[in-house]
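Visitor: structure for the following, please:
(2 chains)
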There are 2 protein chains.
Amino acid sequence: MTRRRRSAVCCQGSVQDRPALRGDPVSRMDREWTALALFFDPRLSASGVFSCASCHNLATGGDDNMETSVGHGWQKGPRNSPTVLNEAQFWDGRADDLAAQAKGPIQAGVEMANTPEQVEVTLKSMPQYVAWFGNAFPGEDDPVNFDNMAKAIEAFEATLITPAPFDAWLNGDDNAMTAKAKAGLTLFMDKGCSSCHSGGNIGGHGYYPFGLIEKPGAEILPPGDKGRFAVTATVDDEYVFRASPLRNVALTAPYFHSGKVWDLAVVVEVMAESQLGAQLAPEETVQLVAFLDSLTGTLPPVTLPVLPAETAETPRPSSEVK
Amino acid sequence: MTRRRRSAVCCQGSVQDRPALRGDPVSRMDREWTALALFFDPRLSASGVFSCASCHNLATGGDDNMETSVGHGWQKGPRNSPTVLNEAQFWDGRADDLAAQAKGPIQAGVEMANTPEQVEVTLKSMPQYVAWFGNAFPGEDDPVNFDNMAKAIEAFEATLITPAPFDAWLNGDDNAMTAKAKAGLTLFMDKGCSSCHSGGNIGGHGYYPFGLIEKPGAEILPPGDKGRFAVTATVDDEYVFRASPLRNVALTAPYFHSGKVWDLAVVVEVMAESQLGAQLAPEETVQLVAFLDSLTGTLPPVTLPVLPAETAETPRPSSEVK
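Guide: Now for the predicted structure:
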């Protein structure tokens, strides 16, 4: 593959080329530190059982390796938990950005089952958090609030970037990908996968009907979940879902919004049939999977935070299901 | 307080003086690395929801800050989750050592609800774990087994040592403790607290009747949980519990085996009355709490492991409650 063609491939740039975060560098660093704590703090959930890291486990590809997550009261969520690595987003695009997205699971009754008010009371009850928020959001009168919590988590998630062999190859290291993976990349473009799975995350930006050519079975595409239709109420958006970002896809089984398929080779075949009307030869599937493997990246080391201890004012955990 | 008296205080040595772990250094390091992964791996639970770190959260003092932990099927455990820092043990001494102890929660139906057989199948399904166990237990024919898993977790937990201001003071730094904390230490010895809360962990070794002088109310000492009696079936062991290790006690609310009290000052008063028949002056309680605060230590930095990805042979998570 020529360097010219390389610049025209599915990816518009490697993850290293990402634009800098909003905000000045100092408060950004404080914000990341604050958010490292928030991301791991189970007291953001009503029960005290779940933190962001419970379903978005940074040790297992940024998701939880379950069909759909188990949340408050042992309830099962409706969709497969998406990875938080590389700034990924909801399945149906219902949040405008990562900050908006961080607010969702904390309030969802089947997930963390908390309220913005209780989160604020919780954070304000711990002087260390008050100090962290003050540093992270300098000059604000009342920095400890739900919006700033979300902004801080956004700042942390923005650091979860995972450069992969594919990036090294994009940057000129011809040996970073195997011949099989390179053949898979060629197929990925020639078959049309890259029409939807494009951009820095190789997917994750556009929304497309699942089953464009042929609807997969109800097991994989349950009729009750109409995807983006729930957000837009537009008939064209029935069964429309985000094209998954494919970075680290080898780590994030099970697959699809329904979490019903564990084998990446099967996923590739289902996608080819349902979206492209194509039957893959066994060798082609192997090559495509090898390309997907080359998207498995390296997470920057994450050191577990030391969280502030509760005080007398900290709301106590409640496992009650309302 | 004189240096001579220092050597006679409740603690027989600072945590830095601990004897070395069993095993040669190389396999010990491999074992710790393996165990870092095991400690954080939710696939040791049947549901895939809980890892050791869920209830023994290293970000919150090695416990989970809940009255009693929530486990498989949203069931509540019978007792407050004890910290894993500084090699702490079960409330009733039912495990002989940390390795034996690591096996308990994985199999408990209300905790991780797994079986040794399924744990072995899970670990053997991932080549990276097979390689790690091979390095950690060199020369063994079949190193991936439940016993070695427990030994590896023991090796990891043995690294979770938290030197505190009290240790610095023991080692000669007179300024490491406040005057109030030193006054609290004197009270701690003179009132008799150190009769039971002794040794390197300031407690954690002996088993004593809760309510030696006066039984606390049923809220704190529920009649249904007879403590060590369940292990020994000896009448003398009714309502006998381990004297808690007091390192990091300021971080591990709520307190007692029942997890019913959140305020450390109240805990100190309850202990004085029930175990020593003493009424503390308010100032004495403040000083004792200041001493307990000087036991809050610093955990070595823990970097989140990158866990091996599942394979086709890995048992799938099941949230079913049997």
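Visitor: alpha carbons only for contacts and neighbour counts from here, please
Guide: Will do.
Visitor: let's see stretch A:135-145 as CSV, backbone CA atoms only.
Guide: What follows is stretch A:135-145, C-alpha atoms only, in CSV (Å, rounded to 0.1, in the frame of the first residue of the first chain):
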residue,chain,number,x,y,z
ASN,A,135,-8.3,24.1,41.6
ALA,A,136,-9.8,22.5,38.5
PHE,A,137,-12.3,25.3,38.0
PRO,A,138,-10.5,28.4,39.2
GLY,A,139,-12.5,31.6,39.7
GLU,A,140,-15.9,30.0,40.0
ASP,A,141,-18.1,30.8,42.9
ASP,A,142,-19.5,27.4,43.4
PRO,A,143,-17.3,25.0,41.5
VAL,A,144,-18.6,21.7,43.0
ASN,A,145,-21.6,21.0,40.8
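Visitor: quick one: mean pLDDT for that stretch?
Guide: Mean per-residue pLDDT for stretch A:135-145: 94.
Visitor: contact partners for A:Asn148?
Guide: A:Phe137 (C-alpha atoms under 8 Å, 6 or more residues apart in numbering or on different chains).
Visitor: if you count neighbours, what's buried in the strand or helix carrying it?
Guide: In the assignment (DSSP states H and E), A:Asn148 maps to helix A:146-157. By neighbour count with 16 or more other C-alpha atoms under 10 Å in any protein chain shown, helix A:146-157 contains the buried residues A:146, A:148-157.
Visitor: do you know the pLDDT at the residue of the stretch 51-200 of chain A found nearest chain B?
Guide: Taking C-alpha to the nearest C-alpha, chain B has its nearest neighbour within the stretch 51-200 of chain A at A:Ala59, 4.6 Å off. Here, the pLDDT recorded for A:Ala59 equals 94.
Visitor: correct me, but it touches B:Val306?
Guide: Yes: taking contacts as C-alpha atoms under 8 Å, A:Ala59 lies within contact range of B:Val306: 4.6 Å.
Visitor: so between the two, which is more surrounded?
Guide: The neighbour count for A:Ala59 versus B:Val306, taken as other C-alpha atoms under 10 Å in any protein chain shown, is higher for A:Ala59 (22 against 19).
Visitor: average pLDDT across stretch A:179-190?
Guide: Mean pLDDT, computed over stretch A:179-190, is 97.
Visitor: contacts for that stretch?
Guide: Applying C-alpha under 8 Å, 6+ apart, the contact partners of stretch A:179-190 are A:9-10, A:194-195, A:284, A:286-294.
Visitor: and it, what's buried?
Guide: Residues of stretch A:179-190 classed as buried: A:180-188 (neighbour count, 16+ other C-alpha under 10 Å).
Visitor: could those go into TSV alongside secondary structure?
Guide: As requested, these are exported to TSV (DSSP: H, G, I helix; E, B strand; the rest coil):
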residue	secondary structure
A:Lys180	helix
A:Ala181	helix
A:Lys182	helix
A:Ala183	helix
A:Gly184	helix
A:Leu185	helix
A:Thr186	helix
A:Leu187	helix
A:Phe188	helix
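Visitor: between the two ends of stretch A:106-113, how far is it?
Guide: By C-alpha to C-alpha, to the nearest Å, the extent of stretch A:106-113 from end to end equals 6 Å.
Visitor: is chain B contacted by that stretch?
Guide: No: using C-alpha under 8 Å from any C-alpha of the partner chain, stretch A:106-113 never reaches chain B; the gap is at least 12.6 Å.
Visitor: A:Val249 reaches A:Leu295, doesn't it?
Guide: Yes: using C-alpha under 8 Å, A:Val249 makes contact with A:Leu295 at a distance of 7.4 Å.
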